[in-house]
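Visitor: turn this into a model:
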Amino acid sequence: MTREELVKHAKLFQSEEITGYQVYKNLAKSTNDKNNKAVLSRIAGEELKHYSIFKQVSGVDVPPKKSKVWFYTICGKLLGLTFALRLMEREEENIQMVYERIIPYMPEVEAVKKSEEEHEDQLIELIQEERLNYAGSIVLGLNDALVELTGALAGFSLAMQNTKLIAVAGLITGIAASLSMAASQYLSVKTENDQRHAGKSALYTGLAYIFTVAILIAPFLLLSNYLMALVITLLLAIAIIFIFNFYIAVAKNLNFKNRFIEMVVISLSVSALTFVIGILVRNYMGIPVD
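Guide: Next comes the predicted model:
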């Protein structure tokens, strides 16, 4: 590998490291949590050290990628530190592959690669965020709302065939279920002596359920065709499953594909079953609602 090619790669690595440094520095400034501020500042220091190592090869300064700094800084503020850092970490996997090819020509890269694989991952684990501590409660609320309400709305659609009635029935069912789920979660956390606060856990579960209910019944409030409204509701359910599972998979370093497919299959299977039940109720029990 020529000297020019090594310098080119060194500049690429510098750009990534100084961009990461700026992101960690910005996020450290934006958090009030002393633990998180210390962790982020420490990672920023690691990135700056790596930048200096590559600068010795290139001999020049390289500016950070402003668009990436802005994106990950906003991501961290809105969606949480852990999510933003894990997302950035996933993108850096491409750079890790380049590191492998360059190590024989630039030995300094091996120490940087080892540092990023070990120290930074360990440091990210030290980030403490309430939203992730209560992720299980949010998942519980979302899962139940998606499975129960998509199923209920599918059944109501065939039994009632009136979007306004379906929306009212769905809203009543959703509110009652959200209160029931929140109460159950409160008692569960309190009984198990869980480290989480029982009241907060119940609140997260209830709010996640209500949020999902509001989105799923919206098509029935806006449209007059109940079948079209049902199709849109099912698409919205899939979208919610996709977005939330992606968030959890990134933030908690889990497998996204398996979780997403499993939840979609369960939700749509329940909806299909209750859709058939709605047909039976309307056609064979003699209690149609027109």
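Visitor: from the chain's centre, how far out does the helix or strand encompassing Thr233 sit?
Guide: Element membership for Thr233, per DSSP states H and E: helix 226-251. Here helix 226-251 is found 13 Å from its chain centre; the criterion is Cα atoms, centre = their mean, to the nearest Å.
Visitor: next, the buried residues of that helix.
Guide: For helix 226-251, the neighbour count (16 or more other Cβ atoms under 10 Å) marks 226, 229-230, 232-234, 236-238, 240-241, 244-245, 247-251 as buried. Backbone N, C-alpha and C define where each C-beta goes, glycine included.
Visitor: just the C-alpha atoms of stretch 164-179, please, in PDB.
Guide: The C-alpha coordinates for stretch 164-179 follow below in PDB (Å, rounded to 0.1, in the frame of the first residue of the first chain):
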ATOM      1  CA  LYS A 164     -68.100   5.500  14.200                       C
ATOM      2  CA  LEU A 165     -69.600   2.700  16.300                       C
ATOM      3  CA  ILE A 166     -66.400   0.700  15.800                       C
ATOM      4  CA  ALA A 167     -64.300   3.700  17.000                       C
ATOM      5  CA  VAL A 168     -66.500   4.200  20.100                       C
ATOM      6  CA  ALA A 169     -66.400   0.500  20.900                       C
ATOM      7  CA  GLY A 170     -62.600   0.400  20.400                       C
ATOM      8  CA  LEU A 171     -62.100   3.500  22.500                       C
ATOM      9  CA  ILE A 172     -64.100   2.100  25.400                       C
ATOM     10  CA  THR A 173     -62.400  -1.200  25.100                       C
ATOM     11  CA  GLY A 174     -59.000   0.400  24.900                       C
ATOM     12  CA  ILE A 175     -59.400   2.700  27.900                       C
ATOM     13  CA  ALA A 176     -60.800  -0.100  30.100                       C
ATOM     14  CA  ALA A 177     -57.900  -2.400  29.000                       C
ATOM     15  CA  SER A 178     -55.300   0.300  29.600                       C
ATOM     16  CA  LEU A 179     -56.500   0.900  33.100                       C
END
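Visitor: any stretches of the stretch 101-250 of the chain with poor pLDDT?
Guide: Scanning the stretch 101-250 of the chain for pLDDT under 70 picks out 117-137, 140, 192-196.
Visitor: the closest residue in space to Met106 that isn't next to it in sequence sits in which helix or strand?
Guide: Once flanking residues are discounted, Met106 sits nearest to Leu6: 6.0 Å by Cβ to Cβ, 6 or more residues apart in numbering. Assessed by DSSP H and E, Leu6 sits inside helix 3-30.
Visitor: buried stuff in that helix?
Guide: 9-28.
Visitor: quick one: terminal-to-terminal distance for stretch 26-41?
Guide: End-to-end distance of stretch 26-41: 9 Å, with Cα to Cα, to the nearest Å as the criterion.
Visitor: enumerate every residue touching Asn26.
Guide: Val69, Thr73, Gly76 (Cβ atoms under 8 Å, 6 or more residues apart in numbering).
Visitor: what about 7 Å?
Guide: Counting by Cβ atoms under 7 Å, 6 or more residues apart in numbering, Asn26 touches Val69, Thr73.
Visitor: over to His197?
Guide: Per Cβ under 7 Å, 6+ apart, neighbours of His197: none.
Visitor: how much space separates it from Ser184?
Guide: 16 Å (Cβ to Cβ, to the nearest Å).
Visitor: what does Tyr24 give?
Guide: Counting by Cβ to Cβ - Tyr24 and Ser184 are separated by 40 Å.
Visitor: likewise for Gln56?
Guide: Per Cβ to Cβ, Gln56 is found 60 Å from Ser184.
Visitor: ditto for Val147
Guide: Applying Cβ to Cβ, the value for Val147 to Ser184 is 15 Å.
Visitor: what of Leu79?
Guide: Leu79 is 28 Å from Ser184, by Cβ to Cβ.
Visitor: please, where are all the helices along the chain?
Guide: Taking DSSP state H to define them, one finds helices in the chain at 3-30, 34-58, 66-79, 81-91, 93-102, 108-115, 121-125, 130-133, 135-160, 163-191, 198-222, 226-251, 256-284.
Visitor: mean neighbour count, these: which tops it?
Guide: helix 135-160 (a mean of 23; mean count of other Cβ atoms under 10 Å).
Visitor: for that helix, packing partners?
Guide: helix 163-191, helix 198-222, helix 226-251, helix 256-284 (3 or more Cβ pairs under 7 Å, 6 or more residues apart in numbering; DSSP states H and E).
Visitor: closest one to Glu92 among these?
Guide: Smallest distance to Glu92 across the helices and strands packed on helix 135-160 (Cβ to Cβ): 13.2 Å, for helix 226-251.
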